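K.L.:
Below is the structure, and that's it, no one-letter string:
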């Protein structure tokens with residue numbers, strides 16, 4: 001895992017002063033590392049009969065789509081308002097400074113389907129907690145929330161279902 005971690009570069013003071021941004025684009029651009037990352041994460045879910053992988057805008061689409069392909073599952077997109085063409089269910093949630101809203105198609109998840117939520121990075125957990133709430137209200141069964149990277153010092157796991165969080169790389 002140290003080899004994969006070393007490929008992710010730190011960008012100081014982005015998006016604002018005092019933040020060290022974990023730039024995953026360097027790992028995604030390296031074909032062997034990207035493939036290894038997807039293989040390592042997908043191996044965890046082989047045989048669990050995942051029906052759908054929910055990818056969270058936008059980098060979660062990159063992780064979620066690849067995982068869905070490996071697992072033989074469908075892909076569901078969770079997007080910012082106004083980006084999905086059909087009827088949507090929305091969730092507004094609190095951020096550190098303000099609120100944000102996400103949407104999902106109302107027919108994207110059927111009751112009882114086994115759902116894997118995928119995103120690139122777990123920070124404070126607010127976005128993923130909103131997605132978990134939407135999936136559960138639609139009747140989906142959360143198998144797990146998986147991430148390529150977790151910023152452990154922000155303790156985002158606390159906002160997600162206990163025992164249902166996996167991150168490949170921790171910082």
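P.N.:
Right, received. Where do you want to start? In this text the structure is predicted, and so the values were computed from the model without any measurement.
K.L.:
Now do residue 85 against residue 79, distance only.
P.N.:
Applying CB to CB, to the nearest Å, the value for residue 85 to residue 79 is 10 Å. The C-beta positions use only the backbone N, C-alpha and C, and glycine is treated the same way.
K.L.:
what's the answer for residue 162, then?
P.N.:
Taken as CB to CB, the span from residue 162 to residue 79 is 27 Å.
K.L.:
So for residue 85 and residue 79, which residue has more residues nearby?
P.N.:
Ranked by neighbour count (other CB atoms under 10 Å), residue 85 and residue 79 place residue 79 first, with 18 against 7.
K.L.:
nearest residue to the more buried one other than its sequence neighbours?
P.N.:
residue 57 (4.8 Å; CB to CB, 6 or more residues apart in numbering).
K.L.:
That neighbour contacts residue 77, doesn't it?
P.N.:
Yes. Between residue 57 and residue 77 there is a contact under CB atoms under 8 Å: 7.1 Å.
K.L.:
and these two? which has more neighbours close in?
P.N.:
Between residue 57 and residue 77, counted using other CB under 10 Å, residue 77 has the larger neighbour count: 19 against 15.
K.L.:
Just list whatever residues bridge to the residue nearest the centre of the chain.
P.N.:
Nearest to the mean C-alpha position of the chain, counting by CA atoms, centre = their mean, stands residue 119 at 1.7 Å. Beta bridges link residue 119 to residue 147, judged by DSSP bridges.
K.L.:
pretty sure it is touching residue 58, no?
P.N.:
No. In this structure, residue 119 is not within contact of residue 58 by CB under 8 Å, at 9.8 Å.
K.L.:
for this structure, what spans make up the helices?
P.N.:
Taking DSSP state H, the helices of the chain run over residues 2-7, 25-29, 31-43, 59-71, 126-137.
K.L.:
Those helices into TSV, with extra columns for mean pLDDT?
P.N.:
TSV is the format used below for these (pLDDT from 0 to 100):
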stretch	mean pLDDT
helix 2-7	96
helix 25-29	98
helix 31-43	98
helix 59-71	98
helix 126-137	98
